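Undergrad: this is a predicted model, with the sequence first.
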Amino acid sequence: MQPGGDMSGMMGGMGGMMGRPRKEFYPALMDMPALSVDQRSRLEAQARQRISSEADRLAGAEMDLRHAIAGDDIAAADQASRRLRDSLNAVQSGVSALRSLHEGKPPPQIAQAWFRSQMNLPPRRDTADGDDSAPGVSWFHVTTMALLVLFSLAMLAVYVARMRRANALVERLTRAAVAPVAAAPLVSAPVTGAPARQAEATFSAPPIGRDEPVRSWKGPLRICAIYQETPNVKTFRLQAPGGGAIPFAFLPGQFLTYAIEIDGQTVRRSYTIVSSAAQTAYVETTIKREDGGLLSDYMHGHLKQGDLIEVAGPSGAFTFTGAEADNVVLIGGGVGITPLMAAIRYLSDIAWTGQIYLVYGAQTTEQFIFRDELEYLQRRMSNLHVAATMVRTAGTSWMGSEGQITAEFLTQAVPDLAGRRVHLCGPPGMMEALRKTLVGLGVPREQIKTEAFGPARGAAPPPVRSVGDVHMPDSGADGRGAAAIGPATAKVRFARSGKVAALPPDKSVLEVAEAAGVSIDYSCRVGVCGVCKTHLLQGNVTMEVQDALTADERTNGLILACQARSVGDLVVEA
Ligand SMILES: Cc1cc2nc3c(=O)[nH]c(=O)nc-3n(C[C@H](O)[C@H](O)[C@H](O)COP(=O)(O)OP(=O)(O)OC[C@H]3O[C@@H](n4cnc5c(N)ncnc54)[C@H](O)[C@@H]3O)c2cc1C
Ligand code: FES
């Protein structure tokens, strides 16, 4: 029907609204912008007639209802009550239409009035400015709908976040299947059970303190605090220069390599992260000032709060997270307590339930690092058992054991020692002696995990040592002009830098590289830290110590440049 068209169609729709589809009347009014005077009066007449006839029907239905009730005829009463309701609705729609006509409302509003009365909706309260909002929409509805929409969006966001986390976890698990030990994500802590039973990792937990897996990182960190632990040991707390979380994740027992400029030369040394791997706001390293030690002396004497340190790491596989075994024996001497303390702090943070035996040896009580904290933790953690012995006790109030860590001391401190996993860290001499003692006490070699802090053989070399007259030919890769030094007949070609140098049999690839001006990162120079890992592209090498290499890395041609020596020609990727 066109706007302003035939009224009979509209009224016919109104007249048939009880039995016919309502849309015939309702849409017709909605489409009609205005009524003529004639249309208005005809509509009014129709409405009045409707009210009058429906009022008669109402009276009849009421009478029938009374009779039915009096005669106990429930079916008739039901029918009468339906007629009553229908007639009442019809009367109401007529009245609504009349009222709208009298108020001079446009046809769409008349239709709305009719519709509301038909649907038993409360009459619409017109706004002061005559805003024509949708029927039945109130602030309550709007607010409820808005809250529902917000709730739905929040649920959607939670769902998306969960899916992302699940995907990241799956990715980590997939990567863990091929990652080297140090980079593997943590696995769940096992339930305490029989001593030394190796835990079966059943599912992966998120990497410690971060949402990313453990990855290597390089950059500056700022010293935010320095603590004096003992007369010659300080703890350096480092933070991200810009604040916030430290920019890498790590495992308890891993270390960082510091690179510090001293007298125009970059000196690198490794230091265990001693703070808990659950701590994300900072990392701490606890450093002993070595007599005549280049970097440790510089750290103690020159570095102060606010200074930046170039850091690389984390590195190292001397880690314990609680997933490797359901109990652990930690044996340390002197500053070798740092990786053990890192494990204890982390295990305390995650409320690990396995038994932890710490056996510690120091020269004097004055040099007992973390003594107060260990006493406190031992009171708090029923699963932490600390046994310490001091080499010298004269003039101190130490009531504990005196002397070195011996077989007897170990067996008294740790029940069923032979069946447990042992982590051992300290000066090289002590490590060698204790390794033998442990094997003698029946601990299987593969159950003894070690990390040496000092040089494996004798005194440490100075940071950079000369190999004499190593020739660095300009011609590069072809090796022509490489000078022979002493008995050396072999050459090493550094593929990336294109340099070739003579390779004496008593010099390591690292030493020759340094003399030739080829950069290979290093730290310990004794084969334990793994910082100098390099690909051997051609040739054969021997390595006296290769603790820092996994079996896979060896198979894949990785060598420790600080250990690699050869009597034949080599090609190295450096
Ligand atoms: C994986 C790993 C983790 C470590 N974690 C820690 C830690 O948490 N805390 C810590 O304090 N240390 C740690 N270390 C040891 C640390 O890396 C350094 O080796 C230590 O601080 C000494 O470095 P330095 O530069 O002070 O001494 P260096 O200059 O390297 O000297 C070391 C020792 O050798 C002697 N020496 C040096 N040059 C000669 C020479 N030409 N002839 C004879 N003797 C010489 C020095 O007197 C000194 O006693 C760790 C080492 C490794 C490999
Ligand atoms: S420098 Fe540490 S393993 Fe070579």
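TA: Sure, I can see it. Ligands and ions are numbered 1, 2, ... in the order given.

Undergrad: can you report phi and psi for residue 89?
TA: Geometry field for residue 89 lists phi and psi as phi -60, psi -40, criterion degrees, to the nearest 10.

Undergrad: one more: residue 521?
TA: phi -60, psi 150.

Undergrad: so it is in contact with residue 529, correct?
TA: No: with contact defined as CB atoms under 8 Å, residue 521 and residue 529 do not form a contacting pair (9.9 Å). Just so you know, the C-beta spots here come from the backbone N, C-alpha and C atoms, and that holds for glycine as well.

Undergrad: what is the burial count for whichever residue of the stretch 1-150 of the chain sits closest to ligand 2?
TA: Proximity to ligand 2, evaluated over the stretch 1-150 of the chain using CB to the nearest ligand atom, is greatest for residue 150 at 56.1 Å. Neighbour count for residue 150, taken as other CB atoms under 10 Å: 10.

Undergrad: cool, and residue 217?
TA: Taking other CB under 10 Å as the definition, residue 217 ends up with a neighbour count of 16.

Undergrad: need the contact list for it.
TA: For residue 217, the contacting residues are 247-248, 311-314, by CB atoms under 8 Å, 6 or more residues apart in numbering.

Undergrad: now do residue 375
TA: Residues in contact with residue 375, defined by CB under 8 Å, 6+ apart, are residue 386.

Undergrad: sec struct for the closest residue to ligand 1 within the stretch 1-150 of the chain, please.
TA: Per CB to the nearest ligand atom, residue 150 is where the stretch 1-150 of the chain lies closest to ligand 1, at 51.4 Å. For residue 150, the assignment made with DSSP: H, G, I helix; E, B strand; the rest coil gives helix.

Undergrad: begin at 693 from here
TA: From this message on, residue numbering opens at 693, which makes the last subject residue 842.

Undergrad: so for the helix or strand hosting residue 1001, what gets flagged as buried?
TA: Assigning secondary structure by DSSP states H and E places residue 1001 in strand 1000-1007. In terms of neighbour count (16 or more other CB atoms under 10 Å), strand 1000-1007 has its buried residues at 1001, 1003-1007.

Undergrad: ok, longest strand in this protein?
TA: Counting by DSSP state E, the longest strand found in the chain is strand 909-922.

Undergrad: okay, now the sheet partners of the helix or strand that that one is followed by, with direction.
TA: Proceeding N to C from strand 909-922, the next assigned helix or strand is strand 925-931, under DSSP H and E. Next to strand 925-931 in the sheet, as set by DSSP bridges, lie strand 909-922 (antiparallel), strand 975-980 (antiparallel).

Undergrad: with distance to residue 1012 as extra columns, can I get the ones you listed in a markdown table?
TA: As requested, the strands paired with strand 925-931 are exported to a markdown table (distance: least, CB to CB, whole Å):
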| stretch | distance to residue 1012 |
| --- | --- |
| strand 909-922 | 22 |
| strand 975-980 | 17 |
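
Undergrad: which residue ranges make up each domain of the chain?
TA: Taking automatic domain parsing as the domain assignment, the ranges for the chain are 699-829, 909-1007, 1019-1144, 1168-1264.

Undergrad: so which of the ones you listed gets nearest ligand 2?
TA: Short answer: domain 1168-1264, nearest of those by CB to the nearest ligand atom, at 3.2 Å.

Undergrad: tell me the gap between the closest one and the middle of its chain.
TA: 38 Å (CA atoms, centre = their mean, to the nearest Å).

Undergrad: one more: stretch 1035-1050?
TA: Stretch 1035-1050 has its C-alpha centroid displaced from the chain centroid by 21 Å (CA atoms, centre = their mean).

Undergrad: tell me which stretches of this protein form helices.
TA: Taking DSSP state H, the helices of the chain run over residues 699-707, 718-723, 729-762, 766-794, 799-811, 831-868, 986-994, 1030-1041, 1063-1072, 1099-1105, 1120-1132, 1201-1208, 1243-1247.

Undergrad: make a markdown table out of those helices and add mean pLDDT.
TA: As requested, the helices of the chain are arranged in a markdown table below (pLDDT from 0 to 100):
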| stretch | mean pLDDT |
| --- | --- |
| helix 699-707 | 35 |
| helix 718-723 | 56 |
| helix 729-762 | 79 |
| helix 766-794 | 78 |
| helix 799-811 | 65 |
| helix 831-868 | 64 |
| helix 986-994 | 97 |
| helix 1030-1041 | 98 |
| helix 1063-1072 | 97 |
| helix 1099-1105 | 97 |
| helix 1120-1132 | 93 |
| helix 1201-1208 | 92 |
| helix 1243-1247 | 90 |
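
Undergrad: just put these in JSON lines and tack on distance to residue 1113.
TA: Written out in JSON lines, the entries for these read as follows (distance: least, CB to CB, whole Å):
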{"stretch": "helix 699-707", "distance to residue 1113": "88"}
{"stretch": "helix 718-723", "distance to residue 1113": "82"}
{"stretch": "helix 729-762", "distance to residue 1113": "90"}
{"stretch": "helix 766-794", "distance to residue 1113": "84"}
{"stretch": "helix 799-811", "distance to residue 1113": "76"}
{"stretch": "helix 831-868", "distance to residue 1113": "21"}
{"stretch": "helix 986-994", "distance to residue 1113": "30"}
{"stretch": "helix 1030-1041", "distance to residue 1113": "11"}
{"stretch": "helix 1063-1072", "distance to residue 1113": "20"}
{"stretch": "helix 1099-1105", "distance to residue 1113": "14"}
{"stretch": "helix 1120-1132", "distance to residue 1113": "11"}
{"stretch": "helix 1201-1208", "distance to residue 1113": "32"}
{"stretch": "helix 1243-1247", "distance to residue 1113": "19"}
